[in-house]
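Novice: Provided below for reference: sequence and predicted model.
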Amino acid sequence: MTTAGPETADRPEVPQGAVHTHREIHQQPRLWAEMASRMAKERAALDTFLAPLLAEDRLRIVLTGAGTSAYAGQIVRAALRGTTGRAVEAVATTDITATPLACFEERDRPTLLVSFARSGNSPESIAATEIADQLLDNCAHLVITCNAEGSLAARHQDRTDSYVLLTPPEAEDQGFAMTSSLTCMLLGALHSLGGSRIRGLDGCADSATALLSGDIPDKIAELTDRAPDRFVYLGSGALQALASESALKLLELTGGAVAALSDSSLGFRHGPKAFLTQRTAAVVYVSNDPYTRQYDLDIFRELSTGLPAGQVVAVAGRPDGLPAKHTWLVDGMADADDATLALPAVLCAQLVSLAASLACGMRPDNPFPDGEVNRVVQGVTIHALPER
């Protein structure tokens, strides 16, 4: 991977209240390059830990996290199923905590629980690993976290059946929303369980650098200057999970002032399309898979005929079949797996959310100053699980 360029392009001064969020979006290419270097240094130790687990034909890999961290698992699930040849599922920590017996039905099945956690201090993050240990006879843990001092890292650091993989410290976002923490943890999972078999992985930092310094930020400004009061994000497979993360980011940074909905490209017609108004902006993530791509292009064209010109855009790694004027092209990702395309593509959603937040008069670093919603979730009571 080549060294990423400058973190920021020549753009207006960062508004007050957005210092952390702006920096954490723009630092990602540099952190991705650093993350790749970290993974190269840990490769031998990781392989020693993972090899005996992956040798188990019945191994079940469960990718888990809450909120954005849950979407991380959904984004990489299909790619890791292909590279490992094992059953890979994405199950939120909130589901494991609330309905544990439904998540872990086979006590004797070897399991690798991959936990994504920015701080590692969310109650469900800790509870999910404890529940897995209680309900499974053979459960190993790969903890991917940004906080070496967090409770999750501390609990697993010295366990022989656990491996704690740390991102660069700067990836522990100080802003409210998860930006660089998400992408660095995604890279950790893709490198750990996919590596060179994941297409496009080595080029994602350069792609993100080109995106931030190119014309996409200006196109995003043109879209948000229209002041849409609701957004729809659509995609298929890994990019549907990216759509879910994109909608969440917009809700978080605007404090709910801008409504956001996500769905699959095919599923959107089955009721959720009622969400559309003439003030809706729609973003369609277009798959690189030739078959799946057809459905993404279909919904893009359909929405383009029903909404005002300029309010429907495609985010894509390849330009074929798309109008250049309404496409945010992610350079260098034409042949990437969709899970890898999601890495630079999510910067588009982060920039949209930042711009919309500022347009609403919010402070993106802390859109909930009264504490209605918190950076690390609060108010959760973990109830004891009866002995099985």
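Specialist: Arrived safely, thanks for sending. The structure presented is a predicted model; accordingly, all values stated were derived computationally and were not measured.
Novice: Could you list the domains of the chain?
Specialist: The chain breaks down by automatic domain parsing into domains covering 19-198, 214-359.
Novice: As TSV, the ones you listed with mean pLDDT, distance to residue 385 and mean neighbour count would be great.
Specialist: Any C-beta I mention is one placed from the backbone N, CA and C, and that applies to glycine too. Listed next are the domains of the chain as TSV, based on pLDDT from 0 to 100; distance: least, C-beta to C-beta, whole Å; neighbours: other C-beta atoms under 10 Å:
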stretch	mean pLDDT	distance to residue 385	mean neighbour count
domain 19-198	97	6	20
domain 214-359	97	28	21
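Novice: Pick out the residue closest to the middle of this structure.
Specialist: In the chain, the centroid-proximal residue (C-alpha atoms, centre = their mean) is residue 72; its distance is 4.2 Å.
Novice: which residues touch the residue nearest to it when sequence neighbours are not counted?
Specialist: Closest residue in space to residue 72, ignoring its immediate chain neighbours: residue 116 at 4.6 Å, by C-beta to C-beta, 6 or more residues apart in numbering. Residues in contact with residue 116 (C-beta atoms under 8 Å, 6 or more residues apart in numbering) are 63-65, 69-70, 72-73, 144-145, 185, 189.
Novice: which ones among those are found in strands?
Specialist: Judged by DSSP state E, strands contain the following of these: 63-64, 144-145.
Novice: Among those, which one lies nearest to residue 89?
Specialist: residue 63 (7.0 Å; C-beta to C-beta).
Novice: Given the host helix or strand of the residue nearest to residue 72, what are its sheet partners and their directions?
Specialist: If you go by DSSP states H and E, residue 116 is part of strand 111-117. Note on strand 111-117: by DSSP bridges, its sheet partners are strand 60-64 (parallel), strand 139-145 (parallel).
Novice: Is residue 174 in a helix, a strand, or coil?
Specialist: Using DSSP: H, G, I helix; E, B strand; the rest coil, the secondary structure recorded for residue 174 is coil.
Novice: Wait, it touches residue 24, no?
Specialist: Yes: in this structure, residue 174 is within contact of residue 24 by C-beta atoms under 8 Å, at 7.3 Å.
Novice: Export the domains of the chain to JSON lines and append columns for distance to residue 386.
Specialist: Shown next, in JSON lines, are those (distance: least, C-beta to C-beta, whole Å):
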{"stretch": "domain 19-198", "distance to residue 386": "10"}
{"stretch": "domain 214-359", "distance to residue 386": "33"}
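Novice: before we move on, back to that, against residue 36, how distant is the residue nearest to the centre of the chain?
Specialist: Going from residue 72 to residue 36 by C-beta to C-beta, to the nearest Å gives 17 Å.
Novice: Next up, the contacts around the nearest residue to residue 318 once chain neighbours are set aside.
Specialist: Using C-beta to C-beta, 6+ apart and skipping residues adjacent in sequence, the residue nearest residue 318 is residue 334, 4.6 Å away. By C-beta under 8 Å, 6+ apart, the contact set of residue 334 is 288, 317-318.
Novice: Remind me which helix or strand residue 334 belongs to.
Specialist: With DSSP H and E as the test, residue 334 turns up in no helix or strand.
Novice: One more: residue 40?
Specialist: Here residue 40 is assigned to helix 28-54, by DSSP H and E.
Novice: Which elements pack onto that helix?
Specialist: strand 139-145, strand 162-166, helix 180-193, helix 204-213 (3 or more C-beta pairs under 8 Å, 6 or more residues apart in numbering; DSSP states H and E).
Novice: Let's see that with 6 Å instead.
Specialist: Under the contact criterion of 3 or more C-beta pairs under 6 Å, 6 or more residues apart in numbering; DSSP states H and E, helix 28-54 touches helix 180-193, helix 204-213.
Novice: hmm, back to that, what angle separates the strand holding residue 116 from strand 162-166?
Specialist: Relative orientation of strand 111-117 versus strand 162-166 (axes from the mean of the first three to the mean of the last three C-alpha atoms, to 10 degrees): 30 degrees.
Novice: Just the CA trace of strand 111-117, in CSV.
Specialist: Output of strand 111-117 as CSV, limited to C-alpha atoms (Å, rounded to 0.1, in the frame of the first residue of the first chain):
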residue,chain,number,x,y,z
THR,A,111,-17.2,-20.7,17.5
LEU,A,112,-15.0,-17.7,16.9
LEU,A,113,-16.7,-14.5,18.2
VAL,A,114,-15.3,-11.4,16.5
SER,A,115,-16.2,-8.4,18.5
PHE,A,116,-16.1,-4.9,17.1
ALA,A,117,-15.9,-2.2,19.7
